[in-house]
Structures are given as structure tokens and as C-alpha cells.
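>>> coords please:
(chains A, B, C and D)
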There are 2 protein chains.
Amino acid sequence: MPRPERLIDLAAPASARMAGDERKLQILRVAVSLFSQRGFRGTTTKEIAQASGVSEAMVFRHFANKEELYNAILDHKACSGDAVDPERMVADALKKKDDRAVFEGLAFGALEHHESDPEFQRLLLYSALEGHELTEMFFEKFVRRVYEFLGNYIRERQRDGAFVKIDPAIVVRAFIGMIIHHSLNNNLWDPKRRLLNISNKNAAKHFTDILLNGFSTGRPAKPKSKTGRRSYGSRNTR
Amino acid sequence: MPRPERLIDLAAPASARMAGDERKLQILRVAVSLFSQRGFRGTTTKEIAQASGVSEAMVFRHFANKEELYNAILDHKACSGDAVDPERMVADALKKKDDRAVFEGLAFGALEHHESDPEFQRLLLYSALEGHELTEMFFEKFVRRVYEFLGNYIRERQRDGAFVKIDPAIVVRAFIGMIIHHSLNNNLWDPKRRLLNISNKNAAKHFTDILLNGFSTGRPAKPKSKTGRRSYGSRNTR
DNA sequence: CACGATGGTAAGTAAGCACTTACTTTGGTG
DNA sequence: CACCAAAGTAAGTGCTTACTTACCATCGTG
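Next up, the predicted model:
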């Protein structure tokens, strides 16, 4: 039963009386951290109280029960703090129909976001596994919107003859797959980056390259001379 | 004497005295199912006992404690049942250097496997989040090996001039990302397949297409061979 | 056919859980 | 500077949990 023992005390002064709203926010932040580390069921209200430097009763003064505390987190995370709008992020490139800039911009933005807020990814995963409603909310309010706006852009560029005819949803799935899976590796499976250590800039660039152009040269399978074996220059470039 | 009604009894006769090994295996299977649904902390030994049709004491006769039961699952899943060797799966295509067959075969195999055993994916995710050692074991015994053997193949084909020069690990990351993320969508985020409903065969084909050729028509600095585009525009598979 | 090994159980126990009650500080203001 | 609302707590409550104990039932064999 591996359980990291350190209880991070996010509060500033050890034992000071706080204004109600302040303390509420602090408890909330502590709870975000703990829930993302151990999940909803794996986190006790006692732990949250201790890490916040107050008694358990204070937690229940601010939040009617554990479930409501969880919901408050979801509201806080999904609505207020992280109003990331991917469409606006690449609005310029969309107008110019600069395909490379669209995809690379999206990828880079997403990767940077995941890196700066790994807690959210864990929270979301726990939610999905535990069957909490954050999953559905996030799906409807974010994922679906991305599929729609990116799908529309792809359809438009297909009409322009710039893209091959293929269900845009498949392309979106493939591209988002590269990005999410890369972030998941960095945050969850391989945080030490033993398999692949690459900057977000480079990752975004190469993923876009692959999406747009593939990585086959189109040449048939025949042996070739080993002339220019240049290094890739992309490994371990952090 | 009337027997109490049993809950989900996965084993054959409703209430029969079983041989020790049989019962042990049955409890293990029930536990796999429950742990994958609710995680380690979210599953109680009482639930496991009830779903197995025995009393809680029997669970603890076969497994010293809950943790050991969990470890037994990991051994069972990782060692015995899951002897999938991706390298052997596409051995033929590897020899022939049939790139399309290599990647499409791997993708299809993985997607089919994930579909047939969604429990394992959930178990693995829970393990990663809860910090259990299954994660490391799976990483070392499977993930790392895939990166190595696929990376080697890519390097070889780069020497042949068939592939663009790019760190093979990035290509592997991108391709596995498409596959895993697609499976994760089907099993976890969007089991009703509202965003994308596509057969594994088709998914494998299109992901391979994107990886090898990209989906942009305006390929810079690549006049391309014979018939221009390959079998892309076939169909929208929705 | 008895008898011991093994499959199985009912009824615990102590610790831990979410949540409550009844009470004590403390700081800003009328 | 007294006062009271709000910040804070100690010590519960009843329920659930992982795990145990002490006992019963049934089968295969000598």
C-alpha cells in the first residue's frame, strides 16, 4: 500500500486565524492537490483538514460534505481558472488557413497547459475511472467542442483540396491522441522521460509534421547507402 | 434448508463446495473485475466475497490480505494471460519490410486486444494513479520493449531511405498515442462512441495512413511516385 | 463408517471513515 | 472596551472496513 507520507501544508503562517473565504479557498486548493494524488475515495477529510492546518470540523463548515467539496473543485477547475479556448488560441492561423500553424499551435498550447497543470489530468482520469460527473462535463464542454471546431476547419480545407478526403473525426482523434498520450507519458507513465525527452516545441512540431506529411519518403523497400547519418538533434533537448 | 440468495456468481453451480484452487481462481477473477471497475481502494473485500458467493473469511483463507490479492492479480494478468508479443505478431511483415503491414498489423492487434480486455486498461490506469508497482512492471516488460523493437525497425528503414530522418522514439510515441488514445476513448471517455464510431480494422488502416503519408495533399518537396495519392479517399466510415 | 483434512461460515474486533455537537477563542466595530 | 459574530476546536456518533476467531459441514479414503 504505497502512500506518500508528506502532507504538504499550503498555508502560509502555521496557525493563523483566516478570513472565511480565504480559508475556504485554501482548503479547496489542498483538496485539489490531494484528490489528484490519491483520488476521491483515496483521500480522507482528516487528511485534507490536517494539510490545511485546521480541524476536520472546519472543512465541514465550509463544505456540507465531501461530495460537495469535490464538486466545488470541479467548478473551480473547469469554469473559473482554466477557461482555455483552443479556437481562440489559433484564431489567427485559422483565418490565414495556415494549416501548420493551426495544428502546431494547438499541440503546443495543449502540451504547455498539461505541463503547467498536471493535477488536472490526474483529476480527470480519476473522475473517469470512478465514474464521476466531471468526465461528462469536460467531455461536453471541451472535448466535443474541439472535435467540432477542428472538424469544421478540416472539412473546409478538404473542400479547398488541401486535405485528403477522410472522416475529419479520425484525423482529430489521431492528432489529439499523439498530444494527450505524450502528456500522459510525461505526467504519469514516464515522468523521468526515459523513453523520450523532448521539448514541447519540438513535440508539437514533429507531431504536426507527421500529421500533415507522414514520415514515409514514399520510396519502396530497397537498401540504400548510409551517407548522411546525421543526428536527429531532437533527443534530450530540454 | 433454503440457501440465501447469491449475488453475481461468476462460477458454475450456484452454491457448491469447490476445490481450493478452483475457488481461489474464481475469487481472483471476481477481484479483477471489481478492482478494474472501482480501483483498489474503492473495492471492499466484502464485495469481492459476495460476488464470489462465499463469505469474507474465505477470501482471507486464500489470500493473506487485500494487498496480496492485488499482487496475485497483477501476476496473473501480466505473466500468464497477457503473453502478447507484438514483435511476433508482425514478424512476417517485418521480414518483408512491408511498412504498411507492420504498422497496420500492430495497430489492429493492439486495438483488438484492448477491446477484448478493457479491464486491463482500467487496472493499469488505476495502478498508475495509485502508484502501484504494476505500472513499472508493465513499463519495463512491455512498453520499453515496444519502443526498442519498433525503434530499431524504423532506424533500419531510415537507413534504407524509406523513412524521413526523425528520432524514431517520436514516431513511436505518435503512433502509439493514436492507438492508445483511441482505445481509451472507446473504453473510458466515450464508450458510446458519439465522437467517432469506427471499426478497429478501419482505425488501424487510417492511423497507418496518417503516420506514413500524412493527410495533407500539398506535400512540400515530395513530388511523389506513381499514382499520386494512395487509397485515401476511399470512404468516410461513420 | 469413522475420522481427519479441507471447504465453508457466523459473529466477532479494532481501527478508520464521514460527519456532528457543544463548546472556546478572537478580532473588528458601535 | 465590551460584545458578538465568525473562526476555530475536542470529543464525540454511528457506520464501514480489513481482518480474525471459533466453530460447522462435507468429502475421500483406510
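>>> how far off centre is the regular element (helix or strand) spanning residue A:88?
For residue A:88, the host element (DSSP states H and E) is helix A:86-89. Between the centre of helix A:86-89 and the centre of its chain there are 15 Å (Cα atoms, centre = their mean, to the nearest Å).
>>> so what pLDDT did whichever residue of chain A sits closest to DNA strand D get?
Nearest to DNA strand D, among the residues of chain A, is residue A:20, at 2.3 Å (Cβ to the nearest atom of the strand). Where you see a C-beta, it was placed from the backbone N, CA and C, and this is true even at glycine. You'll see residue A:20 listed with a pLDDT of 80.
>>> contact partners for it?
By Cβ atoms under 8 Å, 6 or more residues apart in numbering or on different chains, residue A:20 lies in contact with residue A:62.
>>> mind running it again at 10 Å?
A:58, A:61, A:62 (Cβ atoms under 10 Å, 6 or more residues apart in numbering or on different chains).
>>> residue A:211 too?
When contacts are counted by Cβ under 10 Å, 6+ apart, residue A:211 touches A:99-100, A:103-104, A:107, A:171, A:174-175, A:178, B:174, B:178, B:210-211, B:214-216.
>>> the helix or strand of chain A with the lowest mean pLDDT packs against which elements?
In chain A, no helix or strand scores lower on mean pLDDT, DSSP states H and E than helix A:134-138, which sits at a mean of 83. In terms of contacts (3 or more Cβ pairs under 10 Å, 6 or more residues apart in numbering or on different chains; DSSP states H and E), helix A:134-138 is packed against helix A:66-75, helix A:118-130.
>>> which of the ones you listed sits most buried?
Among these, ranked by average contacts under mean count of other Cβ atoms under 10 Å in any protein chain shown, first place goes to helix A:118-130 (a mean of 21).
>>> let me have the helices and strands packed on helix A:134-138 in a markdown table, extended by distance to residue A:34 and mean pLDDT.
Below are these laid out as a markdown table (distance: least, Cβ to Cβ, whole Å; pLDDT from 0 to 100):
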| stretch | distance to residue A:34 | mean pLDDT |
| --- | --- | --- |
| helix A:66-75 | 10 | 89 |
| helix A:118-130 | 10 | 90 |
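>>> adding distance to DNA strand D as columns, could you present those in JSON lines?
Output for these, formatted as JSON lines (distance: least, Cβ to the nearest atom of the strand, whole Å):
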{"stretch": "helix A:66-75", "distance to DNA strand D": "12"}
{"stretch": "helix A:118-130", "distance to DNA strand D": "14"}
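>>> OK, contacts around the closest residue to residue A:47 other than its chain neighbours?
Closest residue in space to residue A:47, ignoring its immediate chain neighbours: residue A:34 at 6.0 Å, by Cβ to Cβ, 6 or more residues apart in numbering or on different chains. Contact analysis of residue A:34 by Cβ under 10 Å, 6+ apart lists A:7, A:8, A:40, A:42, A:43, A:44, A:47, A:48, A:51, A:52.
>>> can you confirm whether the helix or strand containing residue A:34 lies near DNA strand C?
Using DSSP H and E, residue A:34 maps to helix A:20-38. No - Helix A:20-38 lies apart from DNA strand C when judged by Cβ under 7 Å from any atom of the strand; the minimum separation is 10.2 Å.
>>> ok and that helix relative to helix B:118-130, angle-wise?
Here helix A:20-38 runs at an angle of 130 degrees relative to helix B:118-130 (axes from the mean of the first three to the mean of the last three Cα atoms, to 10 degrees).
>>> quick one on the thing from earlier: who does the helix holding residue A:88 touch, helix- and strand-wise?
Judged by 3+ Cβ pairs under 10 Å, 6+ apart, helix A:86-89 is in contact with helix A:99-116, helix A:144-159.
>>> now it: buried residues?
Buried residues in helix A:86-89, counted by 16 or more other Cβ atoms under 10 Å in any protein chain shown: A:86, A:89.
>>> downstream neighbour of that helix in the secondary structure list?
In N-to-C order, the element after helix A:86-89 by DSSP H and E is helix A:91-96.
>>> what average pLDDT does that following helix get?
Summarised as a single mean, pLDDT over helix A:91-96 is 90.
>>> that one packs against which elements?
Helix A:91-96 packs on helix A:99-116, helix A:144-159, going by 3+ Cβ pairs under 10 Å, 6+ apart.
>>> residues contacting that helix, please?
The contact list for helix A:91-96 (Cβ under 10 Å, 6+ apart) reads A:85, A:87-88, A:98-106, A:149-150, A:152-153, A:156.
>>> mind giving me the ChimeraX select for these, buried ones only?
In ChimeraX, a selection of the buried entries from these looks like this (16+ other Cβ under 10 Å):
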select /A:99,100,102,103,104,105,106,149,150,153
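>>> close to DNA strand D: what parts of chain A are there?
By Cβ under 7 Å from any atom of the strand, the residues of chain A that approach DNA strand D are A:15-20, A:23, A:53-58, A:61.
>>> any chance of a markdown table for these, columns secondary structure?
Listed next are the residues of chain A next to DNA strand D as a markdown table, based on DSSP: H, G, I helix; E, B strand; the rest coil:
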| residue | secondary structure |
| --- | --- |
| A:15 | coil |
| A:16 | coil |
| A:17 | coil |
| A:18 | coil |
| A:19 | coil |
| A:20 | helix |
| A:23 | helix |
| A:53 | coil |
| A:54 | coil |
| A:55 | coil |
| A:56 | helix |
| A:57 | helix |
| A:58 | helix |
| A:61 | helix |
